[in-house]
Structures are given as structure tokens and as C-alpha cells.
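> kindly generate the corresponding structure for this input.
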Amino acid sequence: MIKTTSVPDESIHDVDPRDHVATVLRDIVAGETLDLHGRKILSRADIPKGHKIAIRSALAGEDVLKYGWPIGRATADIAIGDHVHVHNVQTKLSGVEGYVWKQPSAAVISEQPARTFMGYRRANGRVGTRNEIWVLCTVGCVANTARRIAEKANARFAGRVDGVHAFPHPFGCSQLGDDLIHTRKLIAGLAAHPNAGGVLILGLGCENNQLKALLESAPDLDPARLRSFTTQMVEDELEDGLAAIESLIAIAEQDRREPCPAADLVVGLKCGGSDGFSGVTANPLVGRIADKVSDAGGTPVLTEIPEVFGAEQMLLDRAATRAVFDSAVGVIDDFKRYFIDNNQPIHENPSPGNIAGGITTLEEKSLGAVQKGGRSTLVEVIRYGERVGPHGLTLLEAPGNDAVSSTALTAAGATVILFTTGRGTPLGFPAPTLKIASNSALADRKPGWIDFDAGVVLSGQSMDDAADALMDLVVETASGKATKAEINGEREIAIWKSGVTL
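Sure, this is the predicted structure:
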């Protein structure tokens, strides 16, 4: 006989009345009686914090619902009170699917006070949230040279701009086809980024990714704020680089922040190291910010295409036009074929950390991840290396990898990135990146990494109040407040490697 213990506090959290499962908010032991809206549920197993407990039964073979959508199929009979995880639920994903276009419902635009931030308006009309000098390179052979130039420049010219930052990478030589195109597009996109008040691009001279071709492919480059040279052709690349940076700083240090409407914000939406709380706290909270930005005329950008698998229809139902719908389907199906062509199952996405944190299937991860896009209409789909165009929610082709997708968001034009996490990471990227913890324990444990605690919505604060507080932080960050990653000097890029190396 199991001895039961009544638990008066809020210990489980459900999302949709159709759901088979709820998320447990603390470690649960077998035999505890839990209260869900006045309904008593007896736990039949030990269940770790962030994992799922069955609040409705399901027979083997039936769909198991969370967020009102299937997260997989039961592989065994599930009783109320059971621990629901990889031992009794499996994915339903298998390959490319068919999708049906339907006219989206009219978007509801919320009434909200006009927001402004203090940004740097560039000659092409785009607005930066930082005024930095960026040192880029065509090829990995001069990656360390770029880093050394930036280090010396920060020491020599300290305080004159927001900083000098090198973004080295290992590619650019011995690359063919899409790999070479990806490298060129990403560097070109970074070179045109509004957070860079000046850009120095280093080439070697003999690489596949030739400097001349890269410059010709870069959109909207301001020639007055660009310097470049091939290091094989100069006597002292360090001194030539420092001289180039000094001339760029002389221009950039004249720039001043000015009031800019939220319509000028381009906000990247990213999640990494998700847990069972990510889809309950941090991701829907960021979705509120995406809606606020979109309603104001700004541009939220959603990516991580493999973390759309299983939740595609939620996103496709919001496509503004048939053309946008077709473009989104093309990106999703191309990514699925990319997996299949490489003999990989499309559902092999939740990492060991995701699973330990309570995520069971890719569908569950995706249904949580897609919430970062809020409820706004999807107005544009862009391919990897392309830049955002019209204002409104945009879907960007990129993988789920944290560094690769965040670099792609920056190259697409994101001037602030909202990065939700249930596990934590110190990693930072070229655009200021706010780390948003899905649970308060992570925020308390890693205050040097985390900028905002979304776990407060599980301890009494309303989602609306938390969203207002996070939007305040976004505006402050866009106006110059340093993120934890910036304070820690965490600024990296990564480029999508998908093909042959010579």
C-alpha cells in the first residue's frame, strides 16, 4: 500500500483543457496527491521537476496531447498519475508531409503605448543598437590575425566607440557550392549590419572566398565605413589593420544615439538547452515580445527550422499569403530532405539535456519553440544568409544549433536577440543577446549568464506583467545597456557547414 501525502501548494501546471499531461513544478515522489484546479491526482511514480504527469489516461497507440496538440503516440497504456516521458511516448514524425493553405484570420493588433529606444540610424535607414567596429575575415587562415588586430585596437583606442570586435571563423578555403555561398553570404550580411559603425574585412589572397567577390555580394555597404585588404599584399598586416580601424573610429565616434520607434527593432528569437518549462514560461513570454514588436511595426525573426517539425501547421496557419505559405513549406520540406538525404531521422533533435529536462519528443520541443513567434501573422520567409525585408514576423532558414542560428539571425539584421534557455549557456553572439531563463532555479544559480528570469510566471507574476518587464529590458538593451554575454566578452559566430571540403 502506497502512503499518500496531500500537497496543498501549486505543484503541477497544465496549458490546454484537452491536454493529457501537465508539467510538474518540483520533484514529485510516488504516492503524493497533487491538486490541479481542485482535482486530486495521485502520482504513481517519482517524477523529476520539469517532467510530465498524466492528467488524462491514454491507450497504447493514441495521441498524447500537450499545448492542445499531439506531442507523440503512447507506446503503452498511460494511467492518470503516470510519469509520461520517453519510456511510454514516441514521436509520430517520419518524413515530408502535405500541408493545406487556408486564409488566416485577421490579426488582432494590441493597443499599447508607443515605445522608443535610443539607436544609431544609419545612412540606409536601418537602426543599430550598438556603435562598434567589426573585424571580419574571408578565410580561417587570417582568423587569428583579425583577433589580434581587434585586441590591439581595443587597447589603443579604448572608449572612443562601443568596442572593436573580431568575428573569426575557420572557413572560406577549400569550399564548394552551397558551403562557399553560405560563408560569403554570412560575412557579407555581417558587414552590412547596423550595429557596426565601421567594418574591416581581411582577406588572405588565395582563398576560394575571394575578397572582391564578397564585397560585390554585400548589400548596402557604406563605402565610407568599410576598409579591406588582402594580407598577402601588405608588409605589416597588424599595423595596416590598426590604421584602418583608426580611420573607421574617426568616423564612427561622431555618431550619436537618437530616439527611434520600436518599428526600427529587428529582434531575433532563439532557444537553446530547452527544458520542460521552456514552452510554459520563457518561450510564450518571448512570444508576447514578438507580438509587441510586430504590432509596433518592427520585425521579430523566428528560425531553427528543425524545431518547427511537428508544429508546422501552427505556423503555416498564420501565413499572410499563399506565396508566404508556399515559401515556408519549401524551407521546411527542404530541411526535412536535408536530414533524409544524409540518412538521418528528422525527429532526432531533442538533446540529452533536453530529455533530462523533461522534453520527450521533437513535437513537444517544437510546440514549445514555435511559441517564441507569438501569434502575429507570418509575412516573410527568407533563406539562410538573406536579410529581412518588410516589417512583421519573419521565418529564417537556419539549423537549430545555437551559434549557427544566432549568427544567421544577426546576419539577417537582428539587432537584439532573445535567447530562452532551461539549461543555461555562456555563449554570446555579435548582436546583444539577452538570456531568458525558463526557471528561477537556473536564474538563481547562474546570475552571471542570465539576464531575465521567466520562472516568475510560475510563482505568482502574471504573463502580462512579466512581458512588460521583459519589453522594458529589450528597450534598455537596444538603448545601450550591456547584456551578461557582452559583459563577459562572449561574442562568437558560426557558419553552417553542409557540404564537401576539398
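
> got any ranges where the chain has weak pLDDT?
Applying pLDDT under 70 to the chain flags the ranges 1-10, 106-111, 347-349.

> do that again at 80, thanks
1-10, 94-98, 100, 103-114, 219, 345-351, 390, 499-502 (pLDDT under 80).

> quick one, domains of it?
5-90, 132-254, 261-487 (automatic domain parsing).

> buried deepest among the ones you listed, which one?
Of the domains of the chain, the one with the most neighbours on average (mean count of other C-beta atoms under 10 Å) is domain 261-487, at a mean of 22. (Each C-beta comes from the backbone N, C-alpha and C, glycine too.)

> could you export the domains of the chain to a markdown table, including columns for distance to residue 96?
Formatted as a markdown table, the domains of the chain follow (distance: least, C-beta to C-beta, whole Å):
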| stretch | distance to residue 96 |
| --- | --- |
| domain 5-90 | 18 |
| domain 132-254 | 20 |
| domain 261-487 | 5 |
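
> of all these, which one is nearest residue 98?
domain 261-487 (9.1 Å; C-beta to C-beta).

> which other residues reach the longest helix seen in the chain?
Counting by DSSP state H, the longest helix found in the chain is helix 322-341. The contact list for helix 322-341, computed with C-beta atoms under 8 Å, 6 or more residues apart in numbering, reads 95-96, 99, 101, 305-306, 308-309, 312, 315-316, 319, 345-346, 348, 378-381, 383, 395, 397, 399, 498.

> can you name the next helix or strand after that helix?
Scanning forward in sequence from helix 322-341 by DSSP states H and E, the next helix or strand is helix 352-356.

> so how far is that following helix from its chain's centroid?
Relative to the centre of its chain, helix 352-356 is centred 18 Å away, using C-alpha atoms, centre = their mean, to the nearest Å.

> what is that helix packed up against?
For helix 352-356, not one helix or strand is in contact under the criterion 3 or more C-beta pairs under 8 Å, 6 or more residues apart in numbering; DSSP states H and E.

> neighbouring strands - and their directions - for the lengthiest strand in the chain?
Criterion DSSP state E: the longest strand present in the chain is strand 196-203. Each strand that pairs with strand 196-203, with its direction, by DSSP bridges: strand 132-137 (parallel), strand 226-230 (parallel).

> show me the contact partners of the helix or strand just after that strand.
The helix or strand immediately downstream of strand 196-203 is helix 211-217, counting by DSSP H and E. Here helix 211-217 makes contact (C-beta under 8 Å, 6+ apart) with 138, 184-185, 187-188, 191, 201, 203, 221, 226, 228, 230.

> which element, helix or strand, includes the closest residue to residue 88 other than its chain neighbours?
Excluding its sequence neighbours, the residue lying closest to residue 88 (C-beta to C-beta, 6 or more residues apart in numbering) is residue 76, at 4.7 Å. Secondary structure assignment for residue 76, by DSSP H and E: no helix or strand.

> thinking residue 76 is in contact with residue 90, fair?
No. Taking C-beta atoms under 8 Å as the definition, residue 76 is not a contact partner of residue 90, at 10.2 Å.

> want to throw the contacts of helix 211-217 into CSV with distance to residue 81?
Output for these, formatted as CSV (distance: C-beta to C-beta, whole Å):
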residue, distance to residue 81
138, 60
184, 56
185, 52
187, 55
188, 56
191, 57
201, 61
203, 64
221, 61
226, 64
228, 65
230, 68
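
> just those residues now: which is nearest residue 477?
Closest to residue 477, out of all of the contacts of helix 211-217 and judged by C-beta to C-beta, is residue 191, at 22.9 Å.

> relative to residue 200, how far out is the closest one?
To residue 200, residue 191 is 10 Å away according to C-beta to C-beta, to the nearest Å.

> for residue 124, what are its contacts?
Contacts of residue 124 by C-beta under 8 Å, 6+ apart are 220, 222.

> would you say it is within a strand?
No. The assignment for residue 124 is coil, going by DSSP: H, G, I helix; E, B strand; the rest coil, so no strand is present there.

> how about it, phi and psi?
phi -90, psi 10 (degrees, to the nearest 10).

> and what of residue 416?
phi -140, psi 140.

> quick check: bridge partners of residue 118?
Under DSSP bridges, the residues paired with residue 118 across the bridge are residue 259.

> tally of neighbours for it?
16 (other C-beta atoms under 10 Å).

> so who does it touch?
257-260, 478-480.

> if we go to 7 Å?
257-259, 479-480 (C-beta atoms under 7 Å, 6 or more residues apart in numbering).

> and these as JSON lines, adding distance to residue 125?
Conversion of these to JSON lines gives the following (distance: C-beta to C-beta, whole Å):
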{"residue": "257", "distance to residue 125": "16"}
{"residue": "258", "distance to residue 125": "13"}
{"residue": "259", "distance to residue 125": "15"}
{"residue": "479", "distance to residue 125": "19"}
{"residue": "480", "distance to residue 125": "20"}
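
> closest to residue 71 among those?
After measuring those against residue 71 - C-beta to C-beta - the closest member comes out as residue 479, at 39.4 Å.

> ok, the closest one to residue 93 distance?
42 Å.

> same question for residue 83.
The value you get for residue 83 to residue 93, if C-beta to C-beta is used, is 22 Å.

> now swap in residue 453 and tell me
Distance, residue 453 to residue 93, using C-beta to C-beta: 32 Å.

> show me where the stretch 301-450 of the chain has strands.
Remark: strands assigned in the stretch 301-450 of the chain by DSSP state E, counting those that start in this stretch are 378-382, 393-396, 416-421, 433-437.

> so can I have CSV of those strands showing distance to residue 22?
Formatted as CSV, the strands of the stretch 301-450 of the chain follow (distance: least, C-beta to C-beta, whole Å):
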stretch, distance to residue 22
strand 378-382, 30
strand 393-396, 29
strand 416-421, 20
strand 433-437, 21
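
> which residues of the stretch 51-200 of the chain fall in helices?
143-156, 177-191 (DSSP state H, counting those that start in this stretch).

> in JSON lines: those helices, plus distance to residue 373.
Shown next, in JSON lines, are the helices of the stretch 51-200 of the chain (distance: least, C-beta to C-beta, whole Å):
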{"stretch": "helix 143-156", "distance to residue 373": "34"}
{"stretch": "helix 177-191", "distance to residue 373": "21"}
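
> right, and these - which one's nearest residue 11?
Ranking the helices of the stretch 51-200 of the chain by proximity to residue 11 (C-beta to C-beta) places helix 177-191 first, at 45.8 Å.

> what angle separates that closest one from strand 226-230?
On the basis of axes from the mean of the first three to the mean of the last three C-alpha atoms, to 10 degrees, helix 177-191 is oriented at 140 degrees to strand 226-230.

> by contact count, what packs against helix 177-191?
Helix 177-191 sits against strand 132-137, helix 211-217, helix 402-412, with contacts defined as 3 or more C-beta pairs under 7 Å, 6 or more residues apart in numbering; DSSP states H and E.

> CA atoms of that helix as CSV?
Provided in CSV are the C-alpha atoms of helix 177-191 (Å, rounded to 0.1, in the frame of the first residue of the first chain):
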residue,chain,number,x,y,z
GLY,A,177,28.9,25.1,-53.8
ASP,A,178,26.5,26.0,-51.0
ASP,A,179,29.2,25.9,-48.4
LEU,A,180,31.1,28.7,-50.1
ILE,A,181,27.9,30.6,-50.8
HIS,A,182,26.9,30.3,-47.1
THR,A,183,30.3,31.6,-45.9
ARG,A,184,30.2,34.5,-48.4
LYS,A,185,26.6,35.5,-47.6
LEU,A,186,27.1,35.4,-43.8
ILE,A,187,30.2,37.6,-43.9
ALA,A,188,28.5,40.0,-46.3
GLY,A,189,25.4,40.2,-44.1
LEU,A,190,27.5,40.9,-41.0
ALA,A,191,29.5,43.6,-42.9
